Structure formats: C-alpha cells, structure tokens
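Enquirer: fold the stuff below for me.
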Amino acid sequence: MSLSTQSLTEFSVLPYTDVLAWVVMAVFVAGVVLDRRDRRDLAVPVTAGAWGLFAVFWFLLIHHFALIHRSAIQTVLVVVAVPACLYVGWQLYGGRESLLTLSRAIAFMTIIYLPFETSYVARQLLIETVATQTAAVIDALGIGEGVRFVEDPTGETTFMNTFWFPETGQASRIVFACTGIGSIAIFGGLIAAVDAPRRKKAIAATVSIAIIWVLNIGRNVFIAVANGYQWFAIQWLEGPVMFLFGLSDASRVSFFVADRILSQGLAVFALVGIAFLVSRWVPELLDIGEELLSVLLGRDVHLRTPETAPDGGEIDP
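Expert: The predicted model follows:
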C-alpha cells in the first residue's frame, strides 16, 4: 500500500526493469524448453545466462526499494538476491544440473507474475478487486466509520483504489504491491515446477493461493485503518521511524510502522508457514529447498524426513 502523497516525480527504474523482466522470462523459458527436449548441453549455459540477467534485474531494483519504496526488509532481500543469482548461475554452469528444477520454477513464476505487472487492464482488474474486497471487510468490521472509498486522487490512474479518512485527512491507496500477486507467483511457480501428482499440486496451489489472498486482504485492512486513524502517531515512536525511513512528515509514521515494519515483518513468517503447510501435500517442493540451501551453504542439506523421501527411502544423515 502506498500513500497518496507519494511523489510521482521521483526517478523510477520500473519501465526499464519491466522490459528486462520479459527478457529474463524468455531466456528462462528457453532453458526449460531445451531441457525438456533433452538438450542439456544448451539448456545449462542458456539457463545460467538467465540467472546472470536475473542478477542485473535485482540490482536495478535496489534503487526502487531503498529510495522510493523505502522498505528495509525488501531492500535487504533484493541486495542479497544479486550475488545469490550470480552464484546459482555459476554453480549451474559449473555442472550442478539439479538447479534446472529451481530455474524451471523461476520461469513459471515470471509467467504468472508478468502479465499482471505489465498489462494495464490486468493490473487494474487485480488492484480494484483487492481494493473492493478490502473496503468490504473494513465496512463489515465496522472500523471504517466515515471512510470514503474513492478513485485514485493522484491522477496517475483512474483506478478505484483509495481510502480517505475525513476524520484525520489521511489517505492511502492499494497499488500493485498490495495485491499479493508476488507471493502467489512464488508458490505457483514452485508447485508447477516440481514433478508430483497433478491432484496434489492442484490442492497445494489452491490452498496456498487462498491463504495468501485472505492474509493479504487482512494486511491491507490493517494498514488502511492504522494509517487512516493514525494509530502509531506516538511521540516517542515518531523520531526513530522518521530517521530510519528518511521521513519529513510525521503523519506518515503510522503508515510506515503498519506496512514497512509490522506487516512486512510478519509476512516473512507467514510465507514460511505456508511453505511448511504446502510441503505436506507436495513434499517434492523440499527438493528445491534442499538444492538451494546446499548451494548457498556449501554443504548437503536434507529437509525431507524418511517418510517423505522418494520411494520411502532413508535419508543419509
């Protein structure tokens, strides 16, 4: 969720990263196609190159998350993603072909995410659906007395996505990052990439998407109301938060505490919990986690229990 007072004149790398994202997706998909056609001699270098482009993509987004979005958690994740992508690509090119499954997951993630990211119509449908449901929950809970659900006042779009609280004069709006599509793409891509029974994959996808959607609506309700009623406009809290996020307006403190600190912090634990739950249906997902952790930690990591190991086999300690 983004405050309606956010400046629209700040430099944005998003137009460039949107184009690069399509290139990255195309190269990852090319690697998947080559692998499926038993051309691993070509699939490996092509996919390794895709990881290199992916690193460039995340590098360009550091500016956006650090200086425009001002999210400490997302900035750290993006900074870490740059060397991580380079390292995975290097390991794949060096002969660790088991990383092709993780690469296939990235391809599916981008296929799910990019149409909503780059299509104005799809973006509007998604944002307004989330905004309308958020407004409905606020109304049902009776915690938005006087709140007005209005069209984007910035003029940036004609979306019906803004909550204005006349009592405090505060407004916040649902933007693309508030829709949960990023988390949905992650789980959808991982589930689609693994070799598992289709019925189990369908159940896992349905459950994970439903949970993410409900939790995201709850998150948006909390942020809108916390910002609208200035729940965190506490004197001792304003100074540290304004310093941490480089704010000059104390009225924005409630938003940043609700969104950037509390919601994003809890989201990490929520996603880990969802991943644990989904792995009960599709234990093959643990193979991707094992491979990624093994590469990053430089030693073999086993996440499966003997009951979930392939063919019920034992796992070496």
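Enquirer: so the residue nearest to Gly246 when sequence neighbours are not counted versus Thr158, what's the distance?
Expert: Leaving out its chain neighbours, the residue that sits closest to Gly246 by C-beta to C-beta, 6 or more residues apart in numbering is Arg70, at 6.8 Å. No exception for glycine: its C-beta is placed from N, CA and C like everyone else's. Applying C-beta to C-beta, to the nearest Å, the value for Arg70 to Thr158 is 26 Å.
Enquirer: higher neighbour count, these two?
Expert: Comparing Arg70 with Thr158 by other C-beta atoms under 10 Å, the one with more neighbours is Arg70, at 19 against 9.
Enquirer: now the closest residue to Leu99 other than its chain neighbours, what are its backbone angles?
Expert: Of all residues not flanking Leu99 in the chain, Leu92 sits nearest, at 4.4 Å (C-beta to C-beta, 6+ apart). The phi and psi values for Leu92, taken as degrees, to the nearest 10, are phi -60, psi -50.
Enquirer: wait, doesn't Leu92 sit right on Trp51?
Expert: Yes: in this structure Leu92 lies within contact range of Trp51 using C-beta atoms under 8 Å: 6.7 Å.
Enquirer: just checking, Pro166 touches Arg148?
Expert: Yes: counting by C-beta under 8 Å, Pro166 sits close enough to Arg148 to count as a contact (6.8 Å).
Enquirer: buried stuff in the helix or strand containing Phe276?
Expert: Per DSSP states H and E: Phe276 is located in helix 264-281. Residues of helix 264-281 classed as buried: 264, 267, 270-271, 274-275, 278-279, 281 (neighbour count, 16 or more other C-beta atoms under 10 Å).
Enquirer: farthest pair in those residues?
Expert: Greatest spatial distance among the buried residues of helix 264-281 (C-beta to C-beta): Gln264 and Trp281, at 26.8 Å.
Enquirer: how about Ala224, nearest residue that isn't a chain neighbour?
Expert: Phe163 (4.6 Å).
Enquirer: does that neighbour count as helix, strand or coil?
Expert: Look at Phe163: counting by DSSP: H, G, I helix; E, B strand; the rest coil, its state is strand.
Enquirer: please enumerate the strands of the protein.
Expert: 2-3, 148-151, 160-165, 170-173 (DSSP state E).
Enquirer: go through those strands and pick out the most buried.
Expert: Burial of those is given as mean neighbour count (mean count of other C-beta atoms under 10 Å); strand 170-173 ranks first at a mean of 25.
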